[in-house]
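S.K.: Predicted coordinates and the sequence they were generated for:
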Amino acid sequence: MQRKYKGNLRIRTKSRRLIVMCILTATLSCLMGCLTDSESGSKPSSTGASSSSKPANSSSSAQQLEPITTIDGISLLVDSSFFMDKFHSSFVKIAFNDDETNELNYIEIDGNTLKHEIIPTPGVPNHPQFSPDGSKLAFSTGLEGIPILSELYVIDLASSKRSTYKIDVESAAIPRWRILENGDTAILYNDFSGSNQDARWANSGTYLVTYSNNSFGTPQKIFNRSYNGGVASDHSLAATGAPRLLFHYAADNDSVNTDMYNDEQVCNVSLARDTNKIISFLETRGTRGVEFTQDPQYNWHQYIFYMDYTGNILKAIKTDNSHVFNGTEWIFVPGFQVSTLATADGLCESIALIDYVKSSYSTIIGAPGKQISNPDLWVSGY
């Protein structure tokens, strides 16, 4: 398996870039048209908000962000009062992969102090996820939409050596931590990270494995088929995207998966970690999205859409006219997500915090020259 993994490394990296560039190239002309319409050519703003109740072309006033502090080319763009206002805590951890170097970047923010570290990994670090207590960081070598074998690792952040542990299974991708009813810490993962239209998806599975004292328990298969969007804490709902948005209800027959978006393309499906069962996703200007936003000209991925357990679209949050969202994911703090912001030329050099309740987002990290993917954020006290 190790030999196969190495043989696919270059293919995977190219495939990832092709997927991102196909999406962003398709929006290039639209984005550049929006930028041309801007009279001053000013910098994008730090915050933006939009929902169906606002005009589709509404945007916040532009302003240039001044870094609070910068280290290794990574800038903190908000101060401690921002995090205190959002979380009542200013101790924050952020992790992301740099697609240009395939390096795992680890950031600690303590007030206005910024620390940055590149943690060596045995494979390409995709989908990094902090454990609930922030002491561990899981990642997989597989990536959503790429149908290859994936390895899953956990890094012990409490160890100065950053000790790394691997689960001994054939394939494990897209890890998500959770705390079970009995208090155990566990990881949800899929054994197949490819498209849900791939014939292999029908024979894949979603698993749960406990993790304690830097040791994995015995994986338990909880659903047939890989649900890369997550599973509700009570197992009443599982979701998948890339390319179809499918819901599987626990009460359904095993063969039933409900198409929630007219068989149109979606990605970055993420089921909230709280009990509200709100599902977020990005899409490609689908029929339902246009009807909901009343915005027929928006760019692919310019809105994050939010859907409830029954399939009703609740709201859509829009970026400014010079960015689109990429890699959106709920964090452990209820009501908040992180995402990268991609520019018209395909650069993902900043990280945004999305406030679902306020229907807004704020750019919190800038990293010119890096290609940020799949960030995660952990906050002390949650």
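M.R.: That came through, no problem. Numbering: from 1, shown residues only.

S.K.: Name all residues that make contact with residue 347.
M.R.: Applying Cβ atoms under 8 Å, 6 or more residues apart in numbering to residue 347 gives the contacts residue 371. Every residue, glycine included, has its C-beta placed from N, CA and C.

S.K.: now do 10 Å
M.R.: Shown in contact with residue 347 (Cβ atoms under 10 Å, 6 or more residues apart in numbering): 24, 323, 340, 341, 367, 368, 369, 370, 371, 372.

S.K.: ok, now residue 110?
M.R.: 80, 90, 91, 92, 93, 380.

S.K.: For my notes, please list the contacts of residue 347 in CSV and give secondary structure for each entry.
M.R.: Shown next, in CSV, are these (DSSP: H, G, I helix; E, B strand; the rest coil):
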residue, secondary structure
24, helix
323, coil
340, strand
341, strand
367, coil
368, coil
369, coil
370, coil
371, coil
372, strand
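
S.K.: List buried residues within those residues.
M.R.: Buried members of the contacts of residue 347, scored by 16 or more other Cβ atoms under 10 Å, are 24, 323, 340, 341, 367, 370, 371, 372.

S.K.: returning to that earlier point: which of the contacts of residue 110 are buried?
M.R.: Buried among these (16+ other Cβ under 10 Å): 80, 90, 91, 92, 93.

S.K.: Now the phi/psi pair for the second one, please.
M.R.: I take that to be residue 90. Torsion angles at residue 90 (phi, psi; degrees, to the nearest 10) stand at phi -120, psi 20.

S.K.: And the residue lying closest to it once chain neighbours are set aside, its phi and psi?
M.R.: If the residues on either side of it in the chain are set aside, residue 90 comes closest to residue 80, at 4.0 Å by Cβ to Cβ, 6 or more residues apart in numbering. With angles defined as degrees, to the nearest 10, residue 80 sits at phi -60, psi -30.

S.K.: just the contacts of residue 347 now: which is nearest residue 252?
M.R.: Comparing the contacts of residue 347 against residue 252 with Cβ to Cβ places residue 340 closest, at 34.0 Å.

S.K.: Now that that closest one has come up, it's in contact with residue 350, right?
M.R.: Yes: using Cβ atoms under 10 Å, residue 340 is in contact with residue 350, at 6.8 Å.

S.K.: okay, and the common contacts of these two?
M.R.: Joint contacts of residue 340 and residue 350 (Cβ under 10 Å, 6+ apart) are 323, 365, 367, 370, 372, 375.

S.K.: Which two among those are spaced furthest apart?
M.R.: Largest separation among the shared contacts of residue 340 and residue 350 by Cβ to Cβ: 323 and 370, giving 15.6 Å.

S.K.: Alpha carbons of stretch 82-89, as PDB, please.
M.R.: Provided in PDB are the C-alpha atoms of stretch 82-89 (Å, rounded to 0.1, in the frame of the first residue of the first chain):
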ATOM      1  CA  PHE A  82     -12.300  40.200  17.900                       C
ATOM      2  CA  PHE A  83     -11.900  36.700  19.300                       C
ATOM      3  CA  MET A  84     -13.100  37.700  22.700                       C
ATOM      4  CA  ASP A  85     -16.200  39.200  21.200                       C
ATOM      5  CA  LYS A  86     -16.900  36.000  19.200                       C
ATOM      6  CA  PHE A  87     -15.800  33.300  21.600                       C
ATOM      7  CA  HIS A  88     -15.000  34.900  25.000                       C
ATOM      8  CA  SER A  89     -11.500  33.600  24.500                       C
END
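
S.K.: Give me the below-cutoff pLDDT ranges for the stretch 1-150 of the chain.
M.R.: For the stretch 1-150 of the chain, the stretches with pLDDT under 70 are 1-64.

S.K.: ok so, going back, taking the buried ones among the contacts of residue 347 together, which two end up most distant?
M.R.: 24 and 367 (17.5 Å).

S.K.: mean confidence for stretch 273-281?
M.R.: Per-residue pLDDT values over stretch 273-281 give a mean of 95.

S.K.: coming back round to it: could you find the lowest-pLDDT member of the contacts of residue 347?
M.R.: Pick the lowest pLDDT in the contacts of residue 347 and you get residue 24, at 43.

S.K.: looking at it, residue 128 is touching residue 119, isn't it?
M.R.: Yes: here residue 128 reaches residue 119: they are 9.4 Å apart, a contact under Cβ under 10 Å.

S.K.: Who has more neighbours out of these two?
M.R.: Between residue 128 and residue 119, residue 128 has the larger neighbour count (other Cβ atoms under 10 Å), namely 25 against 17.

S.K.: pretty sure residue 142 is touching residue 192, no?
M.R.: Yes: between residue 142 and residue 192 there is a contact at 8.5 Å, judged by Cβ under 10 Å.
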